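K.L.:
I'll drop the sequence and a predicted model, then ask my questions.
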Amino acid sequence: GAVVSQHPSWVICKSGTSVKIECRSLDFQATTMFWYRQFPKQSLMLMATSNEGSKATYEQGVEKDKFLINHASLTLSTLTVTSAHPEDSSFYICSARAAGRTPLGEQFFGPGTRLTVL
Amino acid sequence: AQTVTQSQPEMSVQEAETVTLSCTYDTSENNYYLFWYKQPPSRQMILVIRQEAYKQQNATENRFSVNFQKAAKSFSLKISDSQLGDTAMYFCAFMKAGNMLTFGGGTRLMVKP
């Protein structure tokens, strides 16, 4: 199957610091990766779409300078939360679309990263 | 823009019984895909079932089946012979071909022993 990993699975940081979250497709190449944010008891909200080798496309209301996304290879995308504040505390989930693997362009989800900003 | 609505925030069902989760969506597209995802307490998103809009036949996966009504823009999930492991959040999702997913608000399902 198509496996997506995220690292770290959880992180606690102090307010004002930056945190990097990695998303890797382990057994397939991902031309497109997606980053979602999920608050407790709520649905997944798409933050941005990243295509390998190009700039990410951010959803309305998501600050691109605060949530830096890099998709430098077909198996790795990173999300950096810069100058994190307590309101950035959330569960961050990535997904990856396999290049040419399925006609649906189905997304495979990582296990998520819980970020707590003190 | 597409919207997905799940009108049941929480539901419960006795073990071994059947439960149906509702989902409606709004789109002007003719070709699209619909999904049900399960998110257990581990929070790993798991694909339960998918439906291509161009297929009239309802998708089934073991104990899971859908009732897809394209004209009514309805896509309900039926879980038969409910098991304790079915306890989770369930999200309905819409996708145009090759495009991003739009999720509903979710339904929390509790299976009671």
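P.N.:
All right, it came through fine. If you're wondering where the values come from, they're calculated on a predicted model, not measured in any experiment.

K.L.:
tell me which residues touch A:Met18, please.
P.N.:
Slight slip there: residue A:18 is Ser, not Met. A:80-84 (Cβ atoms under 8 Å, 6 or more residues apart in numbering or on different chains). All C-beta atoms are positioned from the backbone trio N, CA, C, and that covers glycine.

K.L.:
what subset of those is buried?
P.N.:
Buried members of the contacts of A:Ser18, counted by 16 or more other Cβ atoms under 10 Å in any protein chain shown: A:81, A:84.

K.L.:
from the contacts of A:Ser18, which ones fall inside strands?
P.N.:
If you go by DSSP state E, these have A:80-81 in strands.

K.L.:
so which of the contacts of A:Ser18 comes closest to B:Leu21?
P.N.:
Using Cβ to Cβ, A:Val81 is the member of the contacts of A:Ser18 that sits closest to B:Leu21, with 33.2 Å.

K.L.:
what parts of chain B come near chain A?
P.N.:
Chain B comes close to chain A at residues B:33, B:42-45, B:47, B:50, B:52, B:91, B:95, B:97-106, B:108, as judged by Cβ under 8 Å from any Cβ of the partner chain.

K.L.:
could you rerun that using 7 Å?
P.N.:
Applying Cβ under 7 Å from any Cβ of the partner chain, one finds that chain B approaches chain A through B:33, B:43-45, B:91, B:97-98, B:100-101, B:103-106.

K.L.:
among these, who's most crowded?
P.N.:
Within the residues of chain B next to chain A, most neighbours by other Cβ atoms under 10 Å in any protein chain shown means B:Met45, with 27 neighbours.

K.L.:
out of the residues of chain B next to chain A, which are inside strands?
P.N.:
With DSSP E as the criterion, strands contain B:33, B:91, B:101, B:103 from among the residues of chain B next to chain A.

K.L.:
who does the third one bridge with?
P.N.:
This means B:Leu101. B:Leu101 forms beta bridges with B:Met95, as assigned by DSSP bridges.

K.L.:
give the contact list for it.
P.N.:
Going by Cβ atoms under 7 Å, 6 or more residues apart in numbering or on different chains, B:Leu101 touches A:107, B:93, B:95.

K.L.:
out of those, which is nearest to B:Thr5?
P.N.:
For these, the nearest to B:Thr5 is B:Ala93 (12.0 Å; Cβ to Cβ).

K.L.:
for the closest one, helix, strand, or coil?
P.N.:
Judged by DSSP: H, G, I helix; E, B strand; the rest coil, the three-state class of B:Ala93 is strand.

K.L.:
can you list the residues of chain A near chain B?
P.N.:
On the criterion Cβ under 7 Å from any Cβ, chain B has as its neighbours in chain A the residues A:34, A:43-44, A:46, A:49, A:91, A:93, A:104-105, A:107, A:109, A:111-112.

K.L.:
spatially, which two of those residues are the most separated?
P.N.:
A:Phe91 and A:Leu104 (25.3 Å).

K.L.:
mean confidence for stretch B:101-113?
P.N.:
Per-residue pLDDT over stretch B:101-113 has a mean of 96.

K.L.:
how far does it sit from its chain's centre?
P.N.:
Relative to the chain's own centre, stretch B:101-113 is displaced by 8 Å; criterion: Cα atoms, centre = their mean, to the nearest Å.

K.L.:
so the residue lying closest to B:Thr87 once chain neighbours are set aside bridges to which residues?
P.N.:
Excluding its sequence neighbours, the residue lying closest to B:Thr87 (Cβ to Cβ, 6 or more residues apart in numbering or on different chains) is B:Val111, at 4.8 Å. With DSSP bridges as the criterion, B:Val111 is bridged to B:Val13.
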